[in-house]
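In: turn this into a structure:
(one chain, ligands or ions: 3)
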Amino acid sequence: MNTFDSAIFLENIEWFDETGQELAHRFPEEGSGEIKWGAQLTVRESQAGVLFYKGKACDAFGAGRHTLKTGNLPLLTKILSVPWRGNSPLRAEVYMVNMKYFTNLKWGTMSPVAFRDSELGLIRLRAHGVFNIQIVQPVLFINSLVGTMGIFTTEAIATYLKEVIVSRFNDYLGEVLDTILNLPGRFDELSLQLQKRLIGDFAHFGLQLSHLYITSITPPDEVQKAIDDKSRLNIIHDIDKFVKMKAAMAMEKAAENQGEAGAGIGLGMGMMMPAMFAHSMGGAGGAGQQAVPGSETTICSDCQNSIPVDARFCPLCGHQQVILSQCANCGKNLALNAKFCSKCGHSTTEQPQLTICPHCKTKNLPGAMFCNQCGQRID
Ligand SMILES: [Zn+2]
Ligand SMILES: [Zn+2]
Ligand SMILES: [Zn+2]
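Out: Ligands and ions are numbered 1, 2, ... in the order given. Below is the predicted model of the structure:
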């Protein structure tokens, strides 16, 4: 009689990503789902199945075939106190998350970002580059991007990540570079430092950023023209620097050649994939993930004891192996039903606030330090 009757009944859940490009796929694709008690969830290698209940991701499954019932959903029963027994279906959705490496993703400025150059004044720069990511905390990934931000499609997620990169790129240039005349020879350093900053941002989305490269930073046409037009070179004090810059701009590093060089950088930088997912990554190849064939144990990241690979909690110290949610303000791991952050007191229902530039009123991403529009410092 009511609209809820149109919920899609989920009995056998399985996903094959034909495109190889999807970060996550929702079941059902639209509307609400009802999961039959005892439904089968088949998770392939390099995937994780995430249960999405009342707008929150609350449990995850690694590779294998799983029967969905109360006993197999400890996080749902333990944290959310949802008892689920035969006959009555659970009104929930499932996200299948692709845990493979996504390589050579392109990022770039949609519109040029403002940069206050000490020699040239306010100029607008375009920048492009590549990055590699992998989802390492699937529940956190769904909760932070889908749950909190309301971003649903792979395309929208990729677009948002690019905005984050561009915003941090803008902050970084604003902080460390006085003039683009000093750019030559600094691409490698800039790329590395930018990646280091973004690793933390991406970790809050449950993502490991294993590689990021700036392939080009392009000045606006009028600056380029000035470079080309020798008659206007008198605006420049140091011709030698200018010639070098021109060479650097033209170089536009070949990303493909550099692409693999830093592929392993993110590993071992404190990002810990939960055991139940690390195990299923054995066949991913090339990234240094160690899955010992036939071994059914792994190491708890907290107490360092050997624990079963599919444990959601360490049986010895109780440490939760799956990160469910993090404070948008300070990044502390939070319980799913926490209303306030136990560390900084920030409300968990509050969306991350956009930073409004006090000079030109443009909206910048939360935490931005330099305005993308006017290049002024935001404090
Ligand atoms: Zn432990
Ligand atoms: Zn906090
Ligand atoms: Zn501004």
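In: switch to C-alpha atoms for all contacts and neighbour counts from now on
Out: Will do.
In: the closest residue to ligand 1 within the stretch 101-250 of the chain and Q47, how far apart?
Out: Of the residues in the stretch 101-250 of the chain, the one nearest ligand 1 is Q137, at a distance of 17.7 Å by C-alpha to the ion. Using C-alpha to C-alpha, to the nearest Å, one gets 11 Å for the distance from Q137 to Q47.
In: for V82, same thing?
Out: Per C-alpha to C-alpha, V82 is found 25 Å from Q47.
In: do the same with E18
Out: 13 Å.
In: which one of the two is surrounded by more residues?
Out: Neighbour totals were compared for E18 and Q47, and Q47 leads with 27 against 7 (other C-alpha atoms under 10 Å).
In: contact partners for that one?
Out: With C-alpha atoms under 8 Å, 6 or more residues apart in numbering as the criterion, the residues that contact Q47 are 62-63, 96-100, 280.
In: out of those, who's the most crowded?
Out: When neighbours are counted as other C-alpha under 10 Å, the busiest of those turns out to be M96, with 30 neighbours.
In: could you find the closest non-adjacent residue to that residue?
Out: Leaving aside its chain neighbours, M96 sits nearest to G49 (4.6 Å; criterion: C-alpha to C-alpha, 6 or more residues apart in numbering).
In: tell me which residues form a beta bridge with the one you found?
Out: F61, M96 (DSSP bridges).
In: number of nearby residues for it?
Out: For G49, the neighbour count with other C-alpha under 10 Å is 29.
In: now do the contacts for the nearest residue in space to I180 that is not next to it in sequence.
Out: Setting aside the residues directly before and after it, I180 is nearest to D117 in space (C-alpha to C-alpha, 6+ apart), at 6.9 Å. Neighbouring residues of D117 by C-alpha under 8 Å, 6+ apart: 123, 178-180.
In: show me how to select, in ChimeraX, the buried members of the residues you listed.
Out: Typed into ChimeraX, the next command selects the buried ones out of the contacts of D117 (criterion: 16 or more other C-alpha atoms under 10 Å):
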select :123,179,180
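In: among the contacts of D117, which lie within helices?
Out: Within the contacts of D117, membership in helices is found for no residue, as judged by DSSP state H.
In: farthest-separated two in the contacts of D117?
Out: Maximum pairwise distance among the contacts of D117 (C-alpha to C-alpha): 12.2 Å, between I123 and D178.
In: pull up the overlap in contacts between the two.
Out: With the criterion set as C-alpha under 8 Å, 6+ apart, the overlap between the contacts of I123 and D178 is 116-117.
In: specify which member of the contacts of Q47 is nearest to ligand 2.
Out: Distances from those to ligand 2 were compared by C-alpha to the ion; the smallest belongs to V97, at 26.3 Å.
In: now do the helices in this structure.
Out: Using DSSP H, the helices assigned to the chain run over residues 74-79, 138-141, 154-176, 187-203, 221-228, 239-251, 255-258, 275-278.
In: ok, the residue in the stretch 101-250 of the chain positioned nearest to ligand 2 - how many residues close by?
Out: Among the residues of the stretch 101-250 of the chain, H204 lies nearest to ligand 2; the distance is 11.9 Å by C-alpha to the ion. Neighbour count for H204, taken as other C-alpha under 10 Å: 22.
In: ok, it - contacts?
Out: With contacts taken as C-alpha under 8 Å, 6+ apart, H204 has the following neighbours: 140-141, 144, 326, 331.
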